[in-house]
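A.B. asks: Can you look at this prediction? I've put the sequence above it.
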Amino acid sequence: MIEKVRLDDIELIAREAGKAVMEIYKKDFSIEYKEDNSPLTEADLMANEIICSSLEKLYPYIPIISEENKEIDYEVRKGWEYYWCIDPIDGTKEFVKKNGEFTINIALLHQNIPILGVVYAPVIDELYKAKKGEGAFKNGVPLPLKRDDNLYIIAISNSHLTQKYQEFVDNMSSVKEKKVIRKGSSLKLCMVASGDVDIYPRLSPCMEWDTAAGDAIVRESGKKIFQFETKKLLLYNKKELLNPWFVVE
């Protein structure tokens, strides 16, 4: 199945969605709030429509999980061999703030493991992509990249800061020269994959569609994303789609 899916096609879909949401990003837009108090904009819905309709046209036999689609019962999806996992705009809070740190995430999973991922940040025009066995790339350059500094760089969330993050950083007492940066969306996972960041702890809630595309890129770059408590790799297509705390390095 994976050989039938062209990574370039998924990149084009992400770029098309990115172009559309940028038209909304540049102007004033309305904001609604979901039951969990997370924001929703017309850009989320437009990106979702572009991505889902494009995937359904190209790969009608592969089901889709998306943050903005109706929830699919676990009894229906638990037997899926392949499926798409999509976050049309990861980092809607960043989109609303207009700080540029939001991404469009598209992942393909096989037996609940991410095997293909595209993460596109349209404001800064950075595109990360990976396909199992074919490598990971940032704007066409193979990952990971090399850094010249001696810093140990820790990425933490822009919008979900808790005391646990400070404790995590403080506990890294063996690291002499460390630097903490704050970023939104899946950019943090991708920055570990690229080598721009050494570690990213996620010690607050997020969903499977927040990580699936970045996880594919992380794995194909030779890095890992594992559960904070058990040290096992992240699991997908669980009955509850909420991720446990995790670390990427």
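C.D. replies: Ah, there it is.
A.B. asks: which one is Lys78 nearest to, not counting chain neighbours?
C.D. replies: The shortest distance from Lys78 to any residue other than its chain neighbours is 6.9 Å, reached at Asn237 (Cβ to Cβ, 6 or more residues apart in numbering). From N, CA and C alone the C-beta is placed, and that goes for glycine too.
A.B. asks: Give the full set of residues in contact with that neighbour.
C.D. replies: Applying Cβ atoms under 8 Å, 6 or more residues apart in numbering, we find Asn237 in contact with 65, 77-78, 80, 83, 109, 112, 208.
A.B. asks: and what of Lys179?
C.D. replies: Counting by Cβ under 8 Å, 6+ apart, the residues that Lys179 touches are 151-154.
A.B. asks: number of nearby residues for Pro114?
C.D. replies: By other Cβ atoms under 10 Å, 27 other residues sit near Pro114.
A.B. asks: My guess is it contacts Leu233. True?
C.D. replies: No - applying Cβ atoms under 8 Å, one finds Pro114 not in contact with Leu233, separated by 10.0 Å.
A.B. asks: Please, where are all the strands along this protein?
C.D. replies: For the chain, applying DSSP state E gives strands covering 31-33, 39-41, 64-66, 82-90, 103-110, 113-121, 126-131, 135-138, 141-142, 152-157, 178-183, 200-202, 225-227, 246-248.
A.B. asks: can you put the ones you listed in TSV and add distance to Ser194?
C.D. replies: Putting the strands of the chain into TSV (distance: least, Cβ to Cβ, whole Å) gives the following:
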stretch	distance to Ser194
strand 31-33	31
strand 39-41	28
strand 64-66	26
strand 82-90	17
strand 103-110	14
strand 113-121	11
strand 126-131	7
strand 135-138	5
strand 141-142	9
strand 152-157	11
strand 178-183	12
strand 200-202	12
strand 225-227	14
strand 246-248	12
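A.B. asks: right, and these - which one's nearest Asn171?
C.D. replies: strand 200-202 (10.3 Å; Cβ to Cβ).
A.B. asks: just how off-centre is the closest one within its chain?
C.D. replies: Taking the mean C-alpha point of strand 200-202 and that of its whole chain, the gap between them comes to 13 Å (Cα atoms, centre = their mean, to the nearest Å).
A.B. asks: That strand - contacts with which helices or strands?
C.D. replies: The contact analysis (3 or more Cβ pairs under 8 Å, 6 or more residues apart in numbering; DSSP states H and E) places strand 200-202 against strand 152-157, helix 187-194, strand 246-248.
A.B. asks: what about the chain, any weak spots by pLDDT?
C.D. replies: 159-161 (pLDDT under 70).
A.B. asks: closest to Val21 out of the strands of the chain?
C.D. replies: With Cβ to Cβ as the measure, strand 82-90 is the member of those nearest Val21 (6.5 Å).
A.B. asks: Report the angle between that closest one and helix 187-194.
C.D. replies: Per axes from the mean of the first three to the mean of the last three Cα atoms, to 10 degrees, the angle that strand 82-90 makes with helix 187-194 is 120 degrees.
A.B. asks: quick one, domains of the protein?
C.D. replies: The chain is divided into the following domains under automatic domain parsing: 2-142, 152-248.
A.B. asks: count of residues packed around Glu23?
C.D. replies: Under the neighbour criterion other Cβ under 10 Å, Glu23 is assigned a count of 10.
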